[in-house]
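>>> structure for this input, please:
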Amino acid sequence: MNNSLSPLDGRYAEKISELSEIFSEFGLVKNRVKVEILWLEFLSEKGIISDLSKYKKEIKLLKENFSEDFFQKIKNIEKKTNHDVKAVEYFIQKFLPKSMWHWIHFACTSEDINNISYGFLFEEGREIILDNLKKNIFPFLIKKCEEWKKITILSRTHGQPATPSTMGKEFCVFLYRITKIFDNLKNSPICSKINGATGNFAAHKIAFDEKNWTKLSQEFIEKKCYLTWNPCTTQIESHDAQAEILNHMSLMSSIFIDFCRDIWGYISLGYFGQKMIKNEVGSSTMPHKINPIDFENAEGNFKLSRGISRTLADELPISRWQRDLTDSTLQRNFGLVFGHFLLGLKSFFKGLQKLELRNNVIQKDLDNCPEILTEAIQIILRKNGHNDAYEQLKNFSRGKILTKTEIKKFIDQSDLPVKDKNILKNLTPQNYIGESAEIVDFILQKINL
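Numbering: from 1, shown residues only. Have a look, this model is predicted:
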């Protein structure tokens, strides 16, 4: 029996297993231990506390080989302390002689440990998302943009037939949008601090007045933890950088939702078929159906990721005076943001791989809408000095179902030069695509993946 409240830990657990160890309680506690050890090592390296070389084995075990057994022991200590970070401190004491205990968690507040730990979680989680985009989504989209850049489709503005585009160019619009946010997400700093109870190094300074703790703090964050140093905080790191990353993920979720809906629409129009997977069932009552469930599943998960990330991004930068605990509860939900986003990516990619372009349906749709060429006719009339070009074509075409013969007759009866008449007569919905293919080429050269 599975009693998980979240489907990420139940139904979908296997699909996002790479995130489980990172954003779970286990992952958070593991990183707390790591941060405590890194700080202890740093103090030793700076000669502030005694040499730790005698305890290399114990230090390495704690930092690099954190186990489920260690986790359970910390949780058991927490039952007594009712304080999760203090439980970590007491656990580490078991690996070091009593003469070293007073240096564990030295001059730290819990938030010093937590904010760096969450920084590590963000770094790992972000890398998984970026890696999935780089290895799966982007190569597929690049390939299809190139492959379909000259496959003309009937566009629809307001749901109505409009000037044609190409399937490759329309996919390229989304590829370009996603890559821009990808760069922002990749380059956003993950900020951390280690400066004590209210961010002023008060305890540090009273113990070792001669030390430049601001400089040491920067060195620890940048050189030991490889994060971006926040030099001015209250007790908590301000979470502005976390909010920035969450906002990027929220926007990317919206773009993917938009993409899912467009593909869903193309499937509905018959522009795409979907590969049949043997033994899969589309409908419990209608045997013929192959539903676009992967895009629907992706859309739902992107919506959840977006909603949670927006809430967190809105609320995390807010704290009463020097500290309140609302952020602690909120941050425990980072895994939901990354989990639903990754699940959305995987469902989306699964759906992409099933798509089969149906050229016959696309061509029939184009052939049935010759009236879309009226834009081209009126623009040529404008070029030749007709002030009422738009009105002429409006009266000729609006609200009517035109035939190719009627359009050709209109062109013949116009006073356009023979050259322009011939251009329009040779124009079809299939070749009225402007620079669609060239736009694809330009974007594929421009994006840097």
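>>> all contacts plus neighbour counts: C-alpha atoms, from now on.
Will do.
>>> would you confirm that residue 424 contacts residue 410?
No. The criterion here is C-alpha atoms under 8 Å, and residue 424 misses it with residue 410 at 10.5 Å.
>>> looking at those two, which one has more neighbours?
Neighbour totals were compared for residue 424 and residue 410, and residue 424 leads with 19 against 13 (other C-alpha atoms under 10 Å).
>>> state the pLDDT value of the more buried one.
Residue 424 is assigned a predicted lDDT (pLDDT) of 96.
>>> helix or strand for it, which one?
Using DSSP states H and E, residue 424 sits within helix 418-425.
>>> for that helix, name the packing helices and strands.
helix 374-383, helix 404-413 (3 or more C-alpha pairs under 8 Å, 6 or more residues apart in numbering; DSSP states H and E).
>>> other residues contacting the last one?
Contacting residues not belonging to helix 404-413 are listed as 370, 371, 377, 421, 424, 425 [C-alpha atoms under 8 Å, 6 or more residues apart in numbering].
>>> in stretch 398-413, what counts as buried?
Within stretch 398-413, the residues that count as buried by 16 or more other C-alpha atoms under 10 Å are 402, 404, 407, 411.
>>> farthest-apart pair in these, please.
Farthest apart among the buried residues of stretch 398-413 by C-alpha to C-alpha are 402 and 411. That separation is 13.3 Å.
>>> pull out the buried residues from stretch 232-248.
Those would be 233-248, for stretch 232-248 by 16+ other C-alpha under 10 Å.
>>> got a list of contacts for that stretch?
With C-alpha under 8 Å, 6+ apart, stretch 232-248 has contacts from 109, 111-112, 115, 181, 184-185, 188-193, 195-200, 230, 309-310, 312-314, 316-317, 322-323.
>>> hang on, residue 18 is in a helix, isn't it?
Yes. Secondary structure of residue 18 (DSSP: H, G, I helix; E, B strand; the rest coil): part of a helix.
>>> hey, C-alpha coordinates of stretch 424-432 in PDB?
The C-alpha trace of stretch 424-432 is given here as PDB (Å, rounded to 0.1, in the frame of the first residue of the first chain):
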ATOM      1  CA  LEU A 424       0.000  36.600 -57.900                       C
ATOM      2  CA  LYS A 425      -1.200  33.900 -60.300                       C
ATOM      3  CA  ASN A 426       1.700  31.700 -59.300                       C
ATOM      4  CA  LEU A 427       1.100  32.300 -55.700                       C
ATOM      5  CA  THR A 428      -0.400  29.400 -53.700                       C
ATOM      6  CA  PRO A 429      -1.100  28.900 -50.000                       C
ATOM      7  CA  GLN A 430       1.800  26.400 -50.100                       C
ATOM      8  CA  ASN A 431       4.400  28.900 -51.200                       C
ATOM      9  CA  TYR A 432       3.100  32.100 -49.500                       C
END
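>>> for the residue nearest the centre of the chain, report the pLDDT, please.
With distances taken as C-alpha atoms, centre = their mean, residue 249 lies nearest the centre of the chain, 4.1 Å away. Listed pLDDT for residue 249 reads 98.
>>> got it, and residue 3?
pLDDT, residue 3: 79.
>>> what is the burial count for the residue nearest to it when sequence neighbours are not counted?
Leaving aside its sequence neighbours, residue 3 sits nearest to residue 10 (C-alpha to C-alpha, 6 or more residues apart in numbering; 7.8 Å). Residue crowding around residue 10 was assessed by other C-alpha under 10 Å; the count is 12.
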